[in-house]
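**Student:** Model the structure of this input:
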Amino acid sequence: MYKVLALFGPSGAGKDTIQKWYASNADVNEIISATTRPPREYEQDTVDYYFLTEEEFTDKVLDGSMLEVTSFRDWYYGTPIESLKEDKVNVGVFNIEGIKILLEDERIQILPVYVNASNKTRLLRCLNREKAPDVHEICRRFLKDEEDFEPSNIPACELFDNTSKELDTARLEELLDILVQD
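**Tutor:** Here you go, the predicted model:
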């Protein structure tokens, strides 16, 4: 059975930062998702995502090698099964639909962790992570997140408030321990 610490939350909440912290500070497997969207200026293939063509992505879906698949704005996102390891806790970033799919998968022991931060913190992070941010896209995503992350849409999960400039590493270790002890 795969153990998955599944991070999810709105844009700019710090999900990727938390995943990178786990990869650098704990004996975990960092899940690398696949997508058909183009890389952002700071992203690298096989580090941030597996950037695939639609044909490559479709082939993976059809041969059953994707654990979960979702779509967003004509782009596809998914988790290749080969990105998981059975002998480690697997840490990844997912959207709400991906979390719901994983919660139904009997091969997965999942700990969903909802990562959030204040609106001001999230907006500043989104503006600062690119040299020439697309302000219209950031605003669109910010407003869409308000709708997507209504309390009624959020599955049962652990919470992580990531508003502070410093990561609450004690809380991150506590979350990891939940899966390690099981």
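
**Student:** residues making contact with the strand ranked longest in the chain?
**Tutor:** Counting residues, the longest strand in the chain under DSSP state E turns out to be strand 108-116. Identification of contacts with strand 108-116 by CB atoms under 8 Å, 6 or more residues apart in numbering yields 1-10, 13-15, 18, 67, 99, 102-103, 149, 154-163, 175, 178-179, 182. C-betas here are computed from N, CA, C, even on glycine.

**Student:** got the CA positions of it in CSV?
**Tutor:** Only the C-alpha atoms of strand 108-116 are listed here, as CSV (Å, rounded to 0.1, in the frame of the first residue of the first chain):
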residue,chain,number,x,y,z
ILE,A,108,-3.5,4.4,-1.1
GLN,A,109,-3.3,5.3,2.6
ILE,A,110,-3.8,9.1,2.3
LEU,A,111,-3.4,12.0,4.7
PRO,A,112,-4.9,15.0,2.9
VAL,A,113,-3.4,18.3,4.2
TYR,A,114,-5.2,21.5,3.4
VAL,A,115,-2.5,24.3,3.1
ASN,A,116,-3.8,27.8,3.4
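
**Student:** Would you mark the buried spots in that strand?
**Tutor:** I108, I110, L111, P112, V113, Y114, V115, N116 (16 or more other CB atoms under 10 Å).

**Student:** Stretch 173-182: how far from the chain's middle?
**Tutor:** 18 Å (CA atoms, centre = their mean, to the nearest Å).
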